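K.L.:
A predicted structure for the sequence below; I have some questions about it.
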Amino acid sequence: MRNLLACPWRFNELRRDLEGISQKVLTDSLRSLEEDGIITRSVYPEVPPRVEYAMSELGDSMRPIIDAMAEFGIRYKEWARKNTEEKA
């Protein structure tokens, strides 16, 4: 979802950017998000076919929540780093 908040992505672009994710896990995740109305899947009539995934209007409404979680993650990493340094 983090990637799709910025712009639409093609499947292989997502797979390359998300280190360690298998094709099956990514496919299942994208299908589930599409079924839940969080993302959209657009198929373009080209040869070879081009498929793009993007945030839906519903998915984009989650942006403030995702941004808040990212901010928390940054602050938590700083807190954890400081605590580790103090104990050393």
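P.N.:
Good, I have the coordinates.
K.L.:
For the spatially most central residue of the chain, give its distance to residue 78.
P.N.:
For the chain, residue 1 is the residue whose C-alpha lies nearest the centre (Cα atoms, centre = their mean; 2.4 Å). Here residue 1 is placed at a distance of 23 Å from residue 78 (Cβ to Cβ, to the nearest Å). The C-beta positions use only the backbone N, C-alpha and C, and glycine is treated the same way.
K.L.:
hang on, the earlier thing: the nearest residue to the residue nearest to the centre of the chain once chain neighbours are set aside: neighbouring residues, count only.
P.N.:
Nearest residue to residue 1 in three dimensions, chain neighbours excluded: residue 66, at 6.5 Å (Cβ to Cβ, 6 or more residues apart in numbering). Residue 66 has 15 neighbours, counted by other Cβ atoms under 10 Å.
K.L.:
Contacts only, for residue 66.
P.N.:
The contact partners of residue 66, by Cβ atoms under 8 Å, 6 or more residues apart in numbering, come to 1-2, 5.
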